[in-house]
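In: quick one, fold the following:
(one chain, ligands or ions: 2)
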Amino acid sequence: MTAERINITREPQRAISEASRVLNDGFPVAIPTETVYGLAADATRADAISRIYETKGRPQFNPLICHVCDIKMAERYAVFDPVSRQLAETFWPGPLTIVLPLKKDSAIHPLATAGLETVGLRCPEGYANELIRAFDRPLAAPSANTSGKISPTSARHVMDDLGDKLQLIIDGGASPVGVESTIVRVDPETGAILLLRPGGLAAMHIADAAGRDLERRAGPAAIIEAPGMLASHYAPGANVRLDATSVEPGEALIRFGGKSVAGMENAAIDLDLSPSADLAQAAANLFEYLKRADASGAASIAVTPIPNEGLGEAINDRLARAAAPRDGEE
Ligand code: TXA
Ligand code: MG
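Out: Residues are numbered from 1 along each chain as shown. Ligands and ions are numbered 1, 2, ... in the order given. Purely as a prediction, here's the structure:
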């Protein structure tokens, strides 16, 4: 099987109708979202969700983010506390996932939530939003890559990785945000907002909207709160060396802000995430540049420091995962 590819600009109608047809048959479709490409399937069907895990080669069932087209659809499945509602009203559609208690008898299948009593809900923009509205059911969608590989930010990435395992890839061009959504969970009693995964919506914007700082739990606690966030989740083939101040001959170089680096003339490849030091541009380029650096054949990728503010928090989180020792699980 080789996946058919439909471009949303050239064939907007068919991009919706064909995707709906495949979803109705219970199969996953790779779709563009503003963050990364998702491997989407009907979140209410066990067979459809199992096919996501099978296609990704995931060794274990992790909770998946379920995508809705608006708050109204979200309310069919989950219960909103006032703070979560305010965040949804402010940031949806957009790169924010909110973990909420499932409603009793919610139609979302336990395979999508890994049997938890909560569900991670996100309302994406653009094509994905239209598709969910037309389909009228939530779509479970992890990133559309083989488990353990870097998330795809173009239809080409998906085709190269999963093209022979999928029926359909919808091509919406490059993902504008470039890193996965930010995940939060609100304590309904206290209104405290816990940051479970930094992502495409900077934590400071959430704090501004809610009028309170976010809580963070470092290390293993965060992994338990957001199961499936294994350290080596974003692993390229090459070794990743963080906080590099110089580059060895033959190493690939990923740098930031137009700053020159000692030894850069002998790098296997020289990539600047954002010559103008724009963190949004850096996030949008991150996964593509990791792939390019990896494809250069270099055994090691040297990455210079990235400021840890705004979207820098998500960039540094993904880089730390890319650099983490491989645990062979994801
Ligand atoms: O940007 C994104 O969020 C992308 C695009 C495709 O929308 N999706 C994505 O989905 O990254 P996924 O399924 O790979 O994210 C799953 C992660 C889990 O590993 C876990 O960290 C968190 O979301 N998660 C999901 N449901 C949860 C829950 N009920 N409680 C805590 N964490 C949850
Ligand atoms: Mg992923």
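In: what separates Asp81 from ligand 1, distance-wise?
Out: 15 Å (CB to the nearest ligand atom, to the nearest Å). In this view, the C-beta of every residue, glycine as well, is placed from N, C-alpha and C.
In: for that residue, give me its contacts.
Out: Taking CB atoms under 8 Å, 6 or more residues apart in numbering as the criterion, Asp81 is in contact with Val186, Pro188, Gly191.
In: please apply the same query to Leu64.
Out: By CB under 8 Å, 6+ apart, the neighbours of Leu64 are Ala43, Ile49, Ile52, Ala112, Thr113, Ala114, Gly120, Ala140, Ala141, Pro142.
In: near ligand 1, from the residues you listed?
Out: Contacts with ligand 1 are made by Thr113, Gly120, Ala141, Pro142 out of the contacts of Leu64, judged by CB under 6 Å from any ligand atom.
In: among the contacts of Leu64, which one lies nearest to Leu96?
Out: Leu96 lies nearest to Gly120 out of these, by CB to CB, at 10.5 Å.
In: check the secondary structure at that closest one for me.
Out: Here Gly120 is strand, with the state taken from DSSP: H, G, I helix; E, B strand; the rest coil.
In: who does it bridge with?
Out: Using DSSP bridges, the beta-bridge partners of Gly120 come out as Ile65, Val99.
In: any part of stretch 119-132 near ligand 2?
Out: No - on the criterion CB under 5 Å from the ion, stretch 119-132 is out of touch with ligand 2, staying 12.7 Å away.
In: dump stretch 74-83 to CSV, restricted to CA.
Out: Extracted in CSV, the C-alpha atoms of stretch 74-83 (Å, rounded to 0.1, in the frame of the first residue of the first chain):
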residue,chain,number,x,y,z
ALA,A,74,-15.9,18.9,24.2
GLU,A,75,-18.8,19.1,26.7
ARG,A,76,-20.3,16.0,25.3
TYR,A,77,-17.4,14.0,26.7
ALA,A,78,-15.8,16.0,29.6
VAL,A,79,-16.6,18.2,32.6
PHE,A,80,-15.2,21.7,32.6
ASP,A,81,-14.2,23.6,35.8
PRO,A,82,-14.3,27.4,35.5
VAL,A,83,-10.5,27.8,35.0
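In: got the contacts of Leu64 as a markdown table, with neighbour count columns?
Out: Converted to a markdown table, the contacts of Leu64 look like this (neighbours: other CB atoms under 10 Å):
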| residue | neighbour count |
| --- | --- |
| Ala43 | 29 |
| Ile49 | 25 |
| Ile52 | 26 |
| Ala112 | 28 |
| Thr113 | 24 |
| Ala114 | 13 |
| Gly120 | 25 |
| Ala140 | 28 |
| Ala141 | 28 |
| Pro142 | 24 |
